[in-house]
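> Would you be able to build a 3D model of this:
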Amino acid sequence: SDSLGLADYALNGQQVVITVPPEANYETSRKFHKAAQITQPVANTDFSLLVKFDSTLSKQFQFQGIVIQEDMNNLIRVETSYDDSGLRFSALSFENGVGKARKSVNIGLAGGDIHMLVRRTGDKFQMYYRLLATDKWIGIGNFTHPIIVEKVGVFASSYGATGTPAPATTSPMTLACSPP
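Numbers count the residues shown, from 1 in each chain. The predicted model follows:
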């Protein structure tokens, strides 16, 4: 779904590519989830989501990540973003449209691919990242959040600070969904 109708979506044979144009305010914060996203229906059961983001976030207020949705007001976002100190790995949950920060860790990496893994077991969500496919997974933590999962997917977003245009964001990614 595309809340603004301005993003481009493409399949290049191996990847999904979401491009958010410059100056389009696709804000994702604790108040909003206006991301450009691609989702697919999934059974409300345990699962693992693995995504390799083949892009480099390099400007403040750029985001890319995984979305786990019941509907647009009840969802979980697990994401990487860029700020002045480098990359940040965060998880947020939304219940009836109200966002709650669950985890936020500065991973301090500048550039390169990043692999994200989210495992759901019941109402428990565990999160991991790594840089290379051969690296060991680094745990970010877990949290419990009851949700009736209807769909899962990936998103890209960006927005500008007050009076500043949003940066463009292009997020090529490879994803897989499987039982845990």
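> who does the helix or strand where Phe125 lies touch, helix- and strand-wise?
In the assignment (DSSP states H and E), Phe125 maps to strand 124-130. Secondary-structure packing of strand 124-130 (3 or more C-beta pairs under 8 Å, 6 or more residues apart in numbering; DSSP states H and E): strand 74-83, strand 86-95, strand 114-121, strand 138-144. Bear in mind the C-beta positions are built from the backbone N, C-alpha and C, glycine included.
> Who are the packing partners of the second one?
Same thing as strand 86-95. strand 74-83, strand 98-106, strand 124-130, strand 138-144.
> among the ones you listed, which is nearest Gln37?
strand 74-83 (9.7 Å; C-beta to C-beta).
> report the angle between the axes of that closest one and strand 114-121?
Taking axes from the mean of the first three to the mean of the last three C-alpha atoms, to 10 degrees, one finds strand 74-83 and strand 114-121 inclined to each other by 160 degrees.
> picking up where we left off before, with mean pLDDT and distance to Leu49 added, can I get the helices and strands packed on strand 124-130 in TSV?
TSV is the format used below for these (pLDDT from 0 to 100; distance: least, C-beta to C-beta, whole Å):
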stretch	mean pLDDT	distance to Leu49
strand 74-83	88	8
strand 86-95	89	13
strand 114-121	93	5
strand 138-144	94	14
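> how about low-confidence regions in the chain?
Scanning the chain for pLDDT under 70 picks out 1-4, 23-34, 109-112, 159-180.
> okay, which residue is most central for it?
Gly65 (1.5 Å; C-alpha atoms, centre = their mean).
> Test my guess that that one contacts Met127.
No. Contact status for Gly65 versus Met127: not in contact, 10.2 Å apart, counting by C-beta atoms under 8 Å.
> quick one: common contacting residues for these two?
Taking C-beta atoms under 8 Å, 6 or more residues apart in numbering as the criterion, Gly65 and Met127 both touch Val78, Met116.
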